[in-house]
Structure formats: structure tokens, C-alpha cells
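[1] Next one to model:
(chains A, B, C and D)
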Protein chains: 2
Amino acid sequence: MCILSLLSTREMYGYEISKELDALSGGILRIEEGTLYPLLRRLEERGYLKGEWRYREGKARRYYKITPRGMDVLRKMRAFWAVLITVVNNILYGGESGGRE
Amino acid sequence: MCILSLLSTREMYGYEISKELDALSGGILRIEEGTLYPLLRRLEERGYLKGEWRYREGKARRYYKITPRGMDVLRKMRAFWAVLITVVNNILYGGESGGRE
DNA sequence: CTATATACATAGTATCACTAGGTATCTTGT
DNA sequence: ACAAGATACCTAGTGATACTATGTATATAG
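    A predicted model of the protein is given here:
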């Protein structure tokens, strides 16, 4: 979900995504390369992303762009994430009152 | 985390936990028995829970109770969960909430 | 010219959720 | 009495996937 969200704002390549996630999350969402690259391929296989090789600064980079199908999945993931937070916080902190956070 | 949290308020047995999670979450946190029972044993192996057979209403039930070590782990999980929400929401909705930048 | 950072990749392992069964008891409807 | 369903626990097998460790190649800094 976080990767799709990052790519919903601009195209990025794998290594850039890992550095960005790391920086934006203060190290909480550090993702190993052995996890990231296979994941990006899975997301592309499923049609959520479209990858494209480009050569910049003497380096071969695979830039990823989110697809309309990916945007749709991202919307559903965001909605589910919001529900999950509510539900889990309800279990963690009891009260049915909607006014926390 | 949700199971530890439920057990931090009272002792429960496996089947009861699954029904409670299902009800409290509106079906979002439905957990299959093939997932639940092995999970409870792992949590007990790690010393987070203590299980005990009891016979009530003609049924053999294994009641689980959270241990001090389990309470400690639960506290850390709750803290991490709060950080995770902040960090993920920051990535999902842009960086306004955390006071960073 | 060596070390580090960048950039992508794969193989092997471990974890764990799920499917799909199994056993046994108790309750409810006919 | 009998069948069906709910309760209550269990295991074996499979699949998805995060991780470790390593390999390849180029560019940059000391």
C-alpha cells in the first residue's frame, strides 16, 4: 500500500523507493532489497504497476508508474486501512466512542 | 496483538477468542481455527500466555491467561502500532500531521 | 585504486495464514 | 430416537512472502 501510495504522486525506481520509505518513516518501513524487487515484480504482474527501463547518470534504472488498476486497488487499500485502524483501536482501547486520536 | 489485548482484560478460551474477535471487528478480524490454535500455542511457547485445561458445561476448554512477559510485549506492540499508524498515514496522506518537515 | 554508494537481481530458508479435513460433546428440531 | 447444527479442540499439507546472503555492474570519493 505504501509503495502504491508513493507511486501515486510520481514515478520512482526501486532503489529510490526503498530510500524514500526509509526516510519518510524514520526507519520503521525499511524494506530489504531481497523483499522489494520481487514485490515490485509481483505488483507489475498483477497489473498495479508498469515498469520501464531508463538510463540516467550512467545507471540502468527501472522506473515504476502506477496504473489505473493500481489506483483502484490503492483506494480500496486506503479504505480498508482506515477500517482496520478503527477496529483494532476499538479492541486495544475498548471504548466504542468515535472520538479518539 | 489483538489476542494479547483481549486476554489482558480477562481469561478466555480459543473458540471464545475467535467469536469475540469476529464480533468486535464486524468480521474484519475473522481468524480461522487452523490459524488460531497453532498461534495460541506459539504465544504460549514464547511465554506470552499460559494455558490451562478446564471442564465447563461438559466441554474441555483450554483457557488462556496473559503473563507478565505477555503484558510487556503487548505494551511494546501498542506503542509500535501507534507509531505505525502515524508513519503510514504520513505516507498515505502527505506529511501534515506529525509536525515534521 | 580501493572503498563506498548506487542499482538491480536470484537462491535458499523460515514463518505463518489458510484449506481441508478429523474427533468429540452438547443442544435443538422433528 | 435421530439428524443437524453449534461448540471446542486438533493436525497435515500448501502457498505466499519476508528475510538472509550473495552476485553483478557502474559511478564516485578519498
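
[2] Give me the residue ranges of chain A where confidence is low.
    Applying pLDDT under 70 to chain A picks out residues A:95-101.

[3] where does it come near DNA strand C, residue by residue?
    Residues of chain A lying near DNA strand C by Cβ under 7 Å from any atom of the strand: A:13-16, A:19, A:33-34, A:37-38, A:40-41, A:56-57, A:59-63. Any C-beta I mention is one placed from the backbone N, CA and C, and that applies to glycine too.

[4] Identify the residues contacting residue A:18.
    A:30, A:31, A:33, A:36 (Cβ atoms under 8 Å, 6 or more residues apart in numbering or on different chains).

[5] Surely it is within a helix?
    Yes: if the criterion is DSSP: H, G, I helix; E, B strand; the rest coil, then residue A:18 is within a helix.

[6] ok, it to residue A:31 distance?
    According to Cβ to Cβ, to the nearest Å, residue A:18 and residue A:31 sit 6 Å apart.

[7] So is the lengthiest helix in chain A next to DNA strand D?
    Counting by DSSP state H, the longest helix found in chain A is helix A:68-93. No: using Cβ under 7 Å from any atom of the strand, helix A:68-93 stays clear of DNA strand D, with a minimum separation of 12.3 Å.

[8] what comes up buried for stretch A:42-53?
    When burial is assessed from 16 or more other Cβ atoms under 10 Å in any protein chain shown, stretch A:42-53 yields the following buried residues: A:43, A:44, A:48, A:49, A:50, A:51.

[9] how about the residues you listed in TSV, adding secondary structure?
    Putting the buried residues of stretch A:42-53 into TSV (three-state DSSP) gives the following:
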residue	secondary structure
A:43	helix
A:44	helix
A:48	coil
A:49	strand
A:50	strand
A:51	strand
